[in-house]
Each structure stands twice: as structure tokens, then as C-alpha cells.
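Asks: Generate coordinates for the sequence data below:
(6 chains)
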There are 6 protein chains.
Amino acid sequence: MTGDRWTRGEALFRKVDGDRVADNLLEAYNEVAPDFARYLVEFAFGEIYAREGDLRHRELVAISSLATMGGCDAQLETHVHGAFSVGLTKDEIIECVMTLIPYIGFPKALNAMAVVKRVIEKRATSERSAETEV
Amino acid sequence: MTGDRWTRGEALFRKVDGDRVADNLLEAYNEVAPDFARYLVEFAFGEIYAREGDLRHRELVAISSLATMGGCDAQLETHVHGAFSVGLTKDEIIECVMTLIPYIGFPKALNAMAVVKRVIEKRATSERSAETEV
Amino acid sequence: MTGDRWTRGEALFRKVDGDRVADNLLEAYNEVAPDFARYLVEFAFGEIYAREGDLRHRELVAISSLATMGGCDAQLETHVHGAFSVGLTKDEIIECVMTLIPYIGFPKALNAMAVVKRVIEKRATSERSAETEV
Amino acid sequence: MTGDRWTRGEALFRKVDGDRVADNLLEAYNEVAPDFARYLVEFAFGEIYAREGDLRHRELVAISSLATMGGCDAQLETHVHGAFSVGLTKDEIIECVMTLIPYIGFPKALNAMAVVKRVIEKRATSERSAETEV
Amino acid sequence: MTGDRWTRGEALFRKVDGDRVADNLLEAYNEVAPDFARYLVEFAFGEIYAREGDLRHRELVAISSLATMGGCDAQLETHVHGAFSVGLTKDEIIECVMTLIPYIGFPKALNAMAVVKRVIEKRATSERSAETEV
Amino acid sequence: MTGDRWTRGEALFRKVDGDRVADNLLEAYNEVAPDFARYLVEFAFGEIYAREGDLRHRELVAISSLATMGGCDAQLETHVHGAFSVGLTKDEIIECVMTLIPYIGFPKALNAMAVVKRVIEKRATSERSAETEV
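Replies: You can find the predicted model right below:
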């Protein structure tokens, strides 16, 4: 039975990526390839992500890896949000990309920084919206 | 004058990579391309690495990036040593590679884990040698 | 004379990629770099693709390679259509991407699955249009 | 309980990679990172590889992906052996690499062909040894 | 003091990339990560690009590298403009991408050629606009 | 008939890579995959390399591309020799790798510089041998 891994994985998936991203992804692949989402939840989250260890480290690893491989801006954006969710500060996330410059060069680091910038601006906007709603 | 960046960079270079790696690299490129080593020391170490922030984060970023790009085992080995030097534990370094599996796949993660394993064994051997020397 | 390779290559190019993609590409580069399209037709199709062997294998190889390198969604989309054209089933194409997960990781596999999903939906729509036209 | 995935995965792991590779890998990481081998067996083999579908397709996908990413010659060698184990012919495996040329270029295709050549020669030698042993 | 590298780097940055790109980039990262733009100007331009040597070589290197890594179309576009700015001809730039075909394969070469085509068309349009303005 | 492309391509292949590399490669793949070498000679050399244009540009493109993709040190070494053969100077070749630093980062640039260094030393040794032979 895969129940435990699913339950544990889905909780982490929703915590890190947020309900909107999680719902979209689970629904999007429900018809074409339901097992794809299942492996993502059960293995990537339920087994790997659920291991003991510092979640802030996990998000730094994710951002560094995605910035290095390139071409995965949507996933990188999700993990920059995730980095904030697990308690990394804005400065720590920016430092992560600054640290990458000598390893991956300016073009890929610039692509990553553009994603970080976009996430920071989105979060500032939604915080301001939240404030005005009060 | 580039003096400050060089002084600050060289100290960090030697702290993280160790004197043996630093001496070898500085000497190896001294004749063919002396500026290559200068940029590495002044920019990569003297500017980027010297920024304020958690050195353990910088080494997790380095390991994640090098494991993702592949083909840089010597540099990865240096940074696994560096990770120990700045205070990351064996478990934290292994978790870094475990975390990478869902992002980069098993083949590249296996290559990175082989380097981590080699460094752990080298350090165990040199600690034992040190003990028996006493 | 390059006549044979061109004739053989163009026929395969049109069979696998479809007339619309072929016409667009041949026209798009006709002014700037006409030889680019010529090499694609004569070498990639007229020599390599025209070799003896199972065309379904060739399309699995193409999809796997493009999904692994990333950043070539338009070409991947063309080859997912091509995979259907040479007789691979929907399940076989989806299994190809599922198989890639442990080799390339979830982010790149997700990008590839999104392209497969888009092609499946386009083909379903155009089949339905064809039906209602009758 | 992970028992089923392990049992199913280990059987496939040994079938495709051979006992020698499997034993080496399981032993090598037993001390440093036992979970690494567990995920490889349970997820990569016990879940993904165990799915319904043509095993020859799975090995073509593996070879194409590893040749495209580069830097994983040991894993590529294992999968070229695996390709023979699941019934692909020498010609089909060589065609796989020939097909890759227009996608990944000559340098990476040459690296892959060198691995294929090495495996073909090793298998010819061990077959000849087997004959002379009779 | 970083004054010299900045002054020398900014002049080269504006010469190669043009004032519009330079202004946009400097402003875009001014709030989130001002040091990112500073390193780009001081190191990439003020130190590396400012070295003695043929600027046409530098732009061929840039285009070849960006086309090979993929996923950096905006930066590639900037450098195709830069290639014209430092005196490379249209034919030499197209030959650069043609030369890349056997190294990186058709899909990535096609992506690069599409960028080159776009730049050539933009420059033709702006030259025509300039003419009609007279 | 492929005669012209072969004749033209083989002459260029031998001019750029040298007779030793050419003979080895043609012989090595003669049994397993004779068409691989044929495509390399006829297409990569007989069509692409034989185009009109500056051969020094072609070698700068080759070195930049191979350094960026990584994992192709043997091919990179051949092309650094080729760069000297077509008239690039030692300084121009070193500048090519220096220029790459901000695009590909230090680890991959270091790998490329190590190859350049090795070629420079080999050529110095063989020139000295030639002198003492007189």
C-alpha cells in the first residue's frame, strides 16, 4: 500500500508549493498520466523531501539545481516561493543566486535572478493586497 | 589596485579549498594563463565568496550546482572538502545529494554521491593517520 | 549532385513533421540561411532518418534526447506528432516520458509531459473537428 | 511496507544490470548512504521500470537520455549491456546512436558510440572465452 | 576602489549591448540585487571583456557558448546585436551558427538561427525607419 | 555519389585534426559503425567545415561550444590543436577560454584551460624534440 507515502507527500507538497500549484498539477495530469503526479507526490515529496533534515537546505539545493540546469522557470518560481515558506529570508535567497554566478556564469544566473525578482514582487503585491483588504 | 580583493580572496580560497589545492592551482596556471587564477581568487573568492552570509549555504549551493552540471568531479571533490571545512556535517552533505535525486535524476546523483563517498573515506583515512602519528 | 538525398529527405521530413511544419521551416530560413534547411533535409532526414530501421525507435530516441536536453519544446512537439505518425501509441509515448523520470529528474520530465499532453489534446480536437465536418 | 517494490525492483535490477553491477552498487553505498541504493531499487526499478511496456523501448530511452546528458559513461555502459539483455540487437543499438547524431551533434554521439563499441567488444570476448571453456 | 573597472566596464557594456539594454538591466536589478549588475559591469565587462584582443572573436565566443547552453535567447539576441556592433558581418554571424550544427545538433542550432534571423530582421526594419525619417 | 564530399572532407579532416587522429578514428569505427566516420567526414567536414569563411572563426566556435557542453575533452584537445593548425595564436586561444569565464563559469572554464595548457605543453615538447633531431 502506498497510503503513507501519499499522505505524507501530499502534505509536504501543499506546504511547500502551495495549494494552488498542487491542485493545478494534480488536476492537469489526472487524465493523461495520473501516475506522473503520484510519483511526484509519493517519491519526490513522500520519500525524499520527507527525510530528516533542514528544509531550508532542501530549498537552497532545489534553487541551485534548477538555476544550473536552466529551462525550468516555472519550477524555479515554485521553489523560490517554497524557500520563503520554509523560512529562508529574501537576503538568503538572493545570496544563493549571487553565489551561483562563478559556477554557472552570468546568463543562467541572470535568468534565475529574474525569477527571484518576480517572486519577490508578487509576494509584495499580495501582502499589500492583504493589507488593504483589512 | 586589486590588492584588497586578492588578499581577502586568497585567504578564503586557502580556507575553503586547502593550501595544497590552492598552491597547485596557482602554480599550474602561472605560466600559461596567470590571469585565470587571479580572476578566480579576486572575483570568485574575493568578491562573491567574501559576501556576508552563511558559508554553509555557499557550499551547499556549490555542491548542488556542480552535481547538476556534471563533468566537474575535481571541483566537486574540492567543494565537498570545503563543505566539511565550513562546518557542514557528513549527514548534511549526504542529504544534499539525496535531495538532488528528484531534480537531476539517479545517474548524475550517483556520480555526485561517488565523489562524496571518496571524500569521506579520504578524510577518515587521514584522521586515522593523524591519530597513529601521535 | 545532392538530388537523391534531397528527394528522399524531403519525403521523410513531410511524412514525419507534416506539410505545415515543413513548409514553414523551409520558407522561414529561405532568405537568411537557405543551407540550414538544406542540411536538415539532406543530412538529418535524407541520410540519418532514411537509414534502415524501425521508425518508432527513431522517434523514441528523438523524444528522449529532446526531453533530456530541454529548451526545445517546439522540436519536441513536432516529434511527439511524428511519434504518432509512425505508429507509436499514446501509451507508448507516455511511457517514454515516465521512463525518463529517474534519468533526468521530475522538472525536465514535467516539461516533456506538458508537451505530450498538449499534442494529445490538439490531436483529439482536430479529430473531433474532422468528425463534425463529415 | 516497501517489501513489494524492493523485491520486484531488485529482480529487475539484477536482470537488466547483471548481478556483478548490482552487487557492487548495493555494497558500495551500504555504509555511506544505504537509502540511495534503496531508492534506486524501489523507485527507479520497482516502480518505473516495472511498469507495463516494452523493455526494449525502456533501454532505447535510457541510452538516448544518457548519451544526450553526457558524463555518465559507466551508467551508459550498464544500459548498453541492459539493451542486449532485454533483446535489442547490435544493429538496433548502433542505430540508436546514429539517430542521435542530428540531435546531440558528433562529439557527444562519438562518446556514446565509443561506449557501445567497448560493450560489443567485451561481449564478443566473453563469448569467445565461454566457447573455449567448453 | 572599484571606480576604474566600473567606468571601463560600463563604457564597453553600453558599446556592445546598447544603451537601452544597459539602462534596463541596471534599473531592473537596482532594488533587488544591485550587486548583480555591478559584478556584470565590473567583472564581465570591466575585466574580461576589456582585455586586449579581437572583439569580433569575443562575440563569436559568446554566441557559440550561448547557443550551446540553450535557454538564454534574450542574452543571445543581445550578443547577436553586439556582434554587428563590433564589426562582424551578417555572413560571419550566420556562418557561426552553421558551424555549430555538427557540435550541438540541429534543434539547438535552429533555436540560435531563429534568434539571428530575428535580429537581422529588426535591424533591417530600424534601418528602413531611419531612412524614411530623413 | 558521395565522392566529392568525401574527398573534400577527408582533406580538411586531416588538415585540422592531423593524420594520426584521423587514421585512428577511421580505423576505430570501421568495423562497428563505418557510417559514423563517413558522416563525420562527409557532413561535418565535407559540407559544413568546407563552407567559405574564416577557418580561425570555425575553430573558435568549436572550442567555445565544446568547453560549454563539457565532457568532451578529447574532442576539445583535437580542436585546440586544430586552432593552431589554422593559424590562431596561443594568445588568441587562451583569450577564447578567458572570454568564456563569465558565460560558463569557472569550473567548466578551468576544465577547458587545462586542455589548452596540455596542448601547449605537448606542442612545446614536440617542437623541442624536432629541434634536437636536427
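
Asks: ok, now which ones touch the closest residue to residue A:28 other than its chain neighbours?
Replies: Distances taken as CB to CB, 6 or more residues apart in numbering or on different chains place residue C:117 nearest to residue A:28, at 7.3 Å, with adjacent residues excluded. Where you see a C-beta, it was placed from the backbone N, CA and C, and this is true even at glycine. By CB atoms under 8 Å, 6 or more residues apart in numbering or on different chains, residue C:117 lies in contact with A:28-29, A:32-33.

Asks: among the residues you listed, which are in helices?
Replies: residue A:28 (DSSP state H).

Asks: Including pLDDT and neighbour count, could the contacts of residue C:117 go into JSON lines?
Replies: Output for those, formatted as JSON lines (pLDDT from 0 to 100; neighbours: other CB atoms under 10 Å in any protein chain shown):
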{"residue": "A:28", "pLDDT": "88", "neighbour count": "16"}
{"residue": "A:29", "pLDDT": "88", "neighbour count": "19"}
{"residue": "A:32", "pLDDT": "90", "neighbour count": "17"}
{"residue": "A:33", "pLDDT": "93", "neighbour count": "20"}
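
Asks: Just the closest of the contacts of residue C:117 to residue E:93, please.
Replies: residue A:28 (40.2 Å; CB to CB).

Asks: ranges for the helices of chain A?
Replies: Counting by DSSP H, the helices of chain A are A:3-17, A:19-28, A:34-39, A:55-69, A:73-85, A:90-104, A:106-133.

Asks: Tell me which of those sits most buried.
Replies: Highest mean neighbour count among the helices of chain A (mean count of other CB atoms under 10 Å in any protein chain shown): helix A:55-69, with a mean of 25.

Asks: anything in it near chain C?
Replies: Yes: applying CB under 8 Å from any CB of the partner chain, one finds helix A:55-69 touching chain C at A:66, A:69.

Asks: Ok, stretch A:36-47 next?
Replies: Yes: with CB under 8 Å from any CB as the criterion, chain C is reached by stretch A:36-47 at A:36, A:39-40, A:44.

Asks: Of those residues, which is the nearest to residue E:53?
Replies: Among the residues of stretch A:36-47 next to chain C, and counting by CB to CB, the member closest to residue E:53 is residue A:44, at 46.4 Å.

Asks: give the contact list for the nearest residue in space to that closest one that is not next to it in sequence.
Replies: Excluding its sequence neighbours, the residue lying closest to residue A:44 (CB to CB, 6+ apart) is residue B:102, at 3.9 Å. Residue B:102 is in contact with A:40, A:43-44, A:48, C:105-106, counting by CB under 8 Å, 6+ apart.

Asks: give the contact list for residue A:18.
Replies: Contacts of residue A:18 by CB under 8 Å, 6+ apart are A:78, A:81, A:85.

Asks: cool, and residue A:61?
Replies: By CB under 8 Å, 6+ apart, the contact list for residue A:61 reads B:60, B:64, B:96, B:99-100, B:103.

Asks: do the same with residue A:64
Replies: Residue A:64 is in contact with A:96, A:100, B:60-61, B:64-65, B:68, counting by CB under 8 Å, 6+ apart.

Asks: Just give the nearest non-adjacent residue to the spatially most central residue of chain A, would you?
Replies: By CA atoms, centre = their mean, chain A has its centre lying nearest to residue A:79, at 1.8 Å. Among residues not flanking residue A:79 along the chain, residue A:62 sits closest, at 4.4 Å (CB to CB, 6+ apart).

Asks: State the distance from the one you found to chain F.
Replies: Remark: distance between residue A:62 and chain F (CB to the nearest CB, to the nearest Å) = 19 Å.

Asks: Surely that residue is in contact with residue B:96?
Replies: No: counting by CB atoms under 8 Å, residue A:62 sits too far from residue B:96 to count as a contact (10.8 Å).

Asks: which residues touch the nearest residue to residue A:94 once chain neighbours are set aside?
Replies: Counting by CB to CB, 6+ apart, residue A:94 lies nearest to residue E:33, which is 5.3 Å off, once chain neighbours are set aside. Contact analysis of residue E:33 by CB under 8 Å, 6+ apart lists A:94, A:97-98, A:113, A:116-117.

Asks: mind running it again at 7 Å?
Replies: A:94, A:98, A:113 (CB atoms under 7 Å, 6 or more residues apart in numbering or on different chains).

Asks: Which residues of chain A lie near chain F?
Replies: Proximity of chain A to chain F is confined to A:102-107 under the rule CB under 7 Å from any CB of the partner chain.

Asks: in chain A, which segments are predicted with low confidence?
Replies: Scanning chain A for pLDDT under 70 picks out A:1-2, A:133-134.

Asks: Up against chain E, what does it have?
Replies: Within reach of chain E by CB under 7 Å from any CB, chain A has these residues: A:70-71, A:94, A:98, A:101, A:106-108, A:111, A:113, A:117, A:120.

Asks: For stretch A:102-119, list the C-alpha coordinates in PDB.
Replies: What follows is stretch A:102-119, C-alpha atoms only, in PDB (Å, rounded to 0.1, in the frame of the first residue of the first chain):
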ATOM      1  CA  PRO A 102      31.000  31.900 -10.600                       C
ATOM      2  CA  TYR A 103      29.700  28.400 -11.000                       C
ATOM      3  CA  ILE A 104      27.200  28.800 -13.800                       C
ATOM      4  CA  GLY A 105      28.100  32.200 -15.300                       C
ATOM      5  CA  PHE A 106      26.100  35.400 -15.700                       C
ATOM      6  CA  PRO A 107      23.500  34.400 -18.400                       C
ATOM      7  CA  LYS A 108      22.000  31.500 -16.300                       C
ATOM      8  CA  ALA A 109      22.400  33.400 -13.100                       C
ATOM      9  CA  LEU A 110      20.500  36.300 -14.600                       C
ATOM     10  CA  ASN A 111      17.700  34.100 -15.700                       C
ATOM     11  CA  ALA A 112      17.400  32.800 -12.100                       C
ATOM     12  CA  MET A 113      17.600  36.300 -10.600                       C
ATOM     13  CA  ALA A 114      14.800  37.400 -12.900                       C
ATOM     14  CA  VAL A 115      12.600  34.600 -11.400                       C
ATOM     15  CA  VAL A 116      13.600  35.600  -7.800                       C
ATOM     16  CA  LYS A 117      12.800  39.200  -8.600                       C
ATOM     17  CA  ARG A 118       9.400  38.200 -10.000                       C
ATOM     18  CA  VAL A 119       8.500  36.200  -6.900                       C
END
